[in-house]
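S.K.: Okay, here's the prediction I keep looking at, along with the sequence it came from:
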Amino acid sequence: MAMKKEILERYRRDARGRLVVDIAAAKVSDLYDDFDKQAPFVRKELDDELVEYLIESARELGREPFGINFSLGESIDEAIQRRVGSSINNYFDYLIARNTRELRAAFRTALTLFALGFSMLSGSIYLNSHFDLVGSLFDRLVAEGLVIASWVSMWEAIAGILLNWQPTVRQRLIYRRLRNAEVTFDRLPDELTPAEGSA
């Protein structure tokens, strides 16, 4: 509990008592990947380091309500502020959609493995009950191999369904919290403006 308190104390609180994830940058374009310089902000990808910082901050804050504040070394009008806010929402919407696809793919893989394992186990039971496998070493190896492979396959499926999906779901909850976070802006004093390219 003390460790959690220490983590929360690293973040400031706004006038409403809500925690704030603060980010400082020289200019608004520093918040974005500069791969496509012609794309509007709402379509550009966020800078990788910024995304990593936001995700790690949201993970640290747990269930605490929070907002995101960008302190910039330049003044931006309300229209650009809205576009930046929309781009952050859009980016985490994209990550949520990708996360959902990954989760569905994991469930499909688990069901496929379970069906394969069940088929192999059924085949092994059928072979053992309908054929005399006592005298043939090769046949016994095949039957035993099917049993082992079937249990391994079904265990992987069960682990995928019961255990492996949890980190993916937790990640999606973080993405949702970031998508729904209120985004605010303020102007940095000139002496505190970071060098260009830092965020």
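M.R.: Looks like it came in fine. Numbers count the residues shown, from 1 in each chain.
S.K.: mind listing the strands in this structure by residue range?
M.R.: 12-13, 19-25, 66-72, 183-187 (DSSP state E).
S.K.: if I pick the most centrally placed residue in the chain, what's in contact with it?
M.R.: The C-alpha lying nearest the average C-alpha coordinate of the chain belongs to Gln171 (CA atoms, centre = their mean; 3.8 Å). Gln171 sits next to Asn99 when contact means CB atoms under 8 Å, 6 or more residues apart in numbering. Quick note: C-beta positions are derived from backbone N, CA and C, even for glycine.
S.K.: re the thing from before, could you single out the most deeply buried of the strands of the chain?
M.R.: Highest mean neighbour count among the strands of the chain (mean count of other CB atoms under 10 Å): strand 66-72, with a mean of 20.
S.K.: for the record, mean pLDDT for it?
M.R.: Across strand 66-72, pLDDT averages out at 95.
S.K.: Just want the angle from it to strand 183-187.
M.R.: Inter-element angle recorded for strand 66-72 and strand 183-187: 30 degrees (by axes from the mean of the first three to the mean of the last three CA atoms, to 10 degrees).
S.K.: packing partners for strand 66-72?
M.R.: In terms of contacts (3 or more CB pairs under 8 Å, 6 or more residues apart in numbering; DSSP states H and E), strand 66-72 is packed against strand 19-25, helix 48-61, strand 183-187.
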